[in-house]
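Undergrad: need the 3D shape of this:
(one chain, ligands or ions: 1)
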Amino acid sequence: MTIQWFPGHMAKARREVTEKLKLIDIVYELVDARLPLSSRNPMIDEIVANKPRIILLNKADMADTEKTNRWLDYFNSQNNNTKAIAIDAHQGKGLTKIHSLSKELLKEKWDRMIAKGIRPRAIRALIVGIPNVGKSTLINRLAKKNIAKTGDRPGVTKAQQWVKVGKELELLDTPGILWPKFEDQEVGLRLATTGAIKDTIINLQEVAVYALRYLSEYYPSRLHERYGLEEIPEDVVELFDAIGKKRGCIMSGGYIDYDKTTEIIIRDIRTLKLGKITFEIPTE
Ligand SMILES: Nc1nc2c(ncn2[C@@H]2O[C@H](COP(=O)(O)OP(=O)(O)OP(=O)(O)O)[C@@H](O)[C@H]2O)c(=O)[nH]1
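TA: Below you'll find the model as predicted:
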């Protein structure tokens, strides 16, 4: 699903997430491990405020493991209320850690409740993230058909459905959808490279050029191997031509077929033919 985000939609989405935050103890913020900052909402810290949070670097199966580890260090060193782990919601990898980490982050709150004589209840969590980041996949994975109709809760006007994850954890069944920072062109290009933005609304050639520039800088050996290039031309148009030539994307008159070359490059990236790639590097 690609949502056209207008200021009115953004305000509404924010309001909806803020309402849901009142019902829960902890936020699971889903980001794409290949572009952990670009796949976040720019106002997320402000929206989530002081709630404990686990940043889930999803689609870790498609990201460069060494860089994912650097991103985990980056997020884990930010504040005590926030932890990060890498997961693959599609195959269900890394998910068992979510529960133990939630308990850890909420230990003080739970201890306080117990000290006051309140019986411990299930931890309530909300998944938030931008479109296409894997929210539904994660809910379905965690739920294992455990969608519980709980109806109204005291103080809650609208009926909310909760998904049981074991005995001690419950998720709101509808995730919070938030917008990415797409006024930043680079963010848009990164999102487009991984397929998070519908191809029909972007200029794919521009995306392929962006991706090639990035790959030449950070993953030149992958280009060597995949396209059998002896040298990686510095000029990106020359590189584009060289790949087109190697892959037989030639039109009559000997011209390079740029549309076909673009298609190949983008497909190779998205289907991991160029290996696991992370499109954003932590700065510290
Ligand atoms: N490789 C891989 N693909 C994943 C993973 N998680 C989700 N996907 C795929 O990513 C795509 C989007 O997943 P969804 O669960 O629909 O994402 P969403 O955030 O609910 O999307 P919206 O409904 O648009 O908000 C689907 O094709 C999933 O199969 C993962 O960990 N690894």
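Undergrad: centre of the chain to the strand or helix carrying Ile139, how far?
TA: Assigned by DSSP states H and E, Ile139 belongs to helix 135-143. For helix 135-143, the separation from the chain centroid amounts to 14 Å (computed by CA atoms, centre = their mean, to the nearest Å).
Undergrad: stretch 42-55 too?
TA: Relative to the chain's own centre, stretch 42-55 is displaced by 15 Å; criterion: CA atoms, centre = their mean.
Undergrad: one more: stretch 193-211?
TA: How far stretch 193-211 lies from its chain's middle: 17 Å, per CA atoms, centre = their mean.
Undergrad: what about the residue lying closest to Arg270 once chain neighbours are set aside, how many residues nearby?
TA: Of all residues not flanking Arg270 in the chain, Gly195 sits nearest, at 5.3 Å (CB to CB, 6 or more residues apart in numbering). (C-beta placed from N, C-alpha, C; glycine too.) Gly195 has 13 neighbours, counted by other CB atoms under 10 Å.
Undergrad: Phe279 versus Gly195, what's the distance?
TA: Using CB to CB, to the nearest Å, Gly195 is found at 12 Å from Phe279.
Undergrad: likewise Lys22?
TA: Using CB to CB, Lys22 is found at 35 Å from Phe279.
Undergrad: neighbour count for the two, which is higher?
TA: Phe279 (25 against 8).
Undergrad: for that one, give me its contacts.
TA: Listed by CB atoms under 8 Å, 6 or more residues apart in numbering, the contact set of Phe279 reads 34-35, 38, 190, 193-194, 211, 214.
Undergrad: so it: helix, strand or coil?
TA: Three-state call for Phe279 (DSSP: H, G, I helix; E, B strand; the rest coil): coil.
Undergrad: ranges for the helices of the stretch 151-284 of the chain?
TA: 185-194, 204-218, 220-227, 236-246, 258-270 (DSSP state H, counting those that start in this stretch).
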